[in-house]
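*Asks:* What shape does this take:
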Amino acid sequence: MKFTFGFLLIPLVTSLSSSSSSNSSSVVDYHGITPKCTRDIHGATDALTSAGIAIAKATTDCSNGFTSECNNDIQEVLDDLTLASQYITDAVYDCGGGEPTQCSADINAILQDISDATSAIMDAVLDCPVSAGKCTADIARASVAIANAVKHTAAAVNDC
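*Replies:* Below is the predicted model:
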């Protein structure tokens, strides 16, 4: 069974990355947020874009068993999720922190999505060497979590 959901993620994350980059000055001007907040949100967007591309590669590479390419793709997803998490953690402080706002709700949702994706990828690390079916399911869960993180990041671009 070949899993292809990851390929649906590429247009979504690529669109978000290019639209958020082109709107960076208007976000700062309109909302009055700090440049650090803007950097954090856009950095997370870029890292999630890379994770989405790596997940798409993993859907192909891991369908043939746990090859070195599959292993490299999974490691790349973990690295990208770690970077996205660092940017979002910085955003907690740089985007106003303190009282609850829609921005803080978006940031918390992104952190939960990244945690869910990381958990799914960690399961893939264990499952891919022994079960192609479980590996595919783990990668599918990670894809959904990354797509949710992208959706919440788009909301954060508007709300923060």
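*Asks:* burial count for the spatially closest residue to Asn71 that is not a sequence neighbour?
*Replies:* Distance criterion Cβ to Cβ, 6 or more residues apart in numbering; nearest residue to Asn71, sequence neighbours excluded, is Cys128 at 7.8 Å. Just so you know, the C-beta spots here come from the backbone N, C-alpha and C atoms, and that holds for glycine as well. As a burial measure, Cys128 scores 25 neighbours (other Cβ atoms under 10 Å).
*Asks:* and what of the one 4 residues further on?
*Replies:* Here the number of neighbours of Ala132 (other Cβ under 10 Å) works out to 18.
*Asks:* cool, and Gly65?
*Replies:* Number of residues near Gly65 (other Cβ under 10 Å) recorded here: 11.
*Asks:* That one touches Ala132, doesn't it?
*Replies:* Yes: counting by Cβ atoms under 8 Å, Ala132 is a contact partner of Gly65 at 6.2 Å.
*Asks:* Going C-terminal from the helix or strand that contains Asn108, what's the next secondary structure element?
*Replies:* Applying DSSP states H and E as the criterion places Asn108 in helix 102-127. Next along the chain after helix 102-127, taking DSSP H and E as the criterion, comes helix 132-159.
*Asks:* helices or strands up against that following helix?
*Replies:* Applying 3 or more Cβ pairs under 8 Å, 6 or more residues apart in numbering; DSSP states H and E, we find helix 132-159 packed against helix 5-22, helix 35-61, helix 68-94, helix 102-127.
*Asks:* most centrally placed residue in this protein?
*Replies:* For the chain, the residue sitting closest to the mean C-alpha position, by Cα atoms, centre = their mean, is Leu48 at 3.2 Å.
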